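Peer 1: Give the three-dimensional model of this entry:
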Amino acid sequence: MEPNIARFRTVSAGAFLSGIIALDLFLNLLCSGFPLIIYLLVGGLGFWFGGAFHERLSRPSGGAKFVRKLGGILAVFSAAGMVLQLALPVNWNTKCSWRYCGRAMGPGLFESPFPVGTPSCSAWHKCANEYQFSGDEYSRLLQRMERQGCDGP
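Peer 2: Below you'll find the predicted structure:
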């Protein structure tokens with residue numbers, strides 16, 4: 001039975017994303033995260049290559065079956081990693097917590113796509129002092145702090 005091309009493309013996109021998910025999950029020591037645009041580009045690239053992979057890997061050979069299984073495992077890892085990123089609470093008491101500030105202001109193409117919840121006043125102060133906001137973003141930050149009842153930075 002030949003694998004469905006749409007399923008193959010989806011699995012390929014998930015397999016491509018598994019590398020970015022792994023870096024986001026395990027290499028937090030770098031104090032960086034990948035923005036949404038990178039996730040979209042890598043997933044799109046995997047989806048696009050999925051068509052070419054389908055032609056090569058839809059044969060019943062042992063090597064093709066192994067690669068299909070490996071791709072499926074990587075796609076499941078990606079899905080589990082994304083759920084983990086969505087479910088894990090953010091620790092605002094680390095030296096790298098400033099990297100959550102852009103995400104705390106709301107979703108955007110150049111910010112990580114994973115939510116951070118509602119920051120405390122001390123977290124907002126850390127953002128005001130350590131994160132590079134544009135003038136407009138800094139004004140929105142001050143408005144959010146005021147709405148939450150926090151003192152000014």
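
Peer 1: Could you chop the chain up by domain?
Peer 2: Split into domains by automatic domain parsing, the chain comes to 5-87, 97-148.

Peer 1: Now render those domains as CSV, adding mean neighbour count and mean pLDDT.
Peer 2: C-beta here means a position set from N, CA and C on the backbone, and glycine is covered the same way. Shown next, in CSV, are those (neighbours: other CB atoms under 10 Å; pLDDT from 0 to 100):
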stretch, mean neighbour count, mean pLDDT
domain 5-87, 16, 81
domain 97-148, 16, 85
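
Peer 1: Which stretches in this structure count as helices?
Peer 2: Using DSSP state H, the helices assigned to the chain run over residues 5-26, 36-57, 62-87, 101-104, 121-130, 135-148.

Peer 1: Dump these to a markdown table, plus distance to residue 113.
Peer 2: Below are the helices of the chain laid out as a markdown table (distance: least, CB to CB, whole Å):
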| stretch | distance to residue 113 |
| --- | --- |
| helix 5-26 | 10 |
| helix 36-57 | 4 |
| helix 62-87 | 8 |
| helix 101-104 | 8 |
| helix 121-130 | 18 |
| helix 135-148 | 18 |
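
Peer 1: and residue 93, which of the ones you listed is closest to it?
Peer 2: Closest of those to residue 93 is helix 121-130, at 8.5 Å (criterion: CB to CB).
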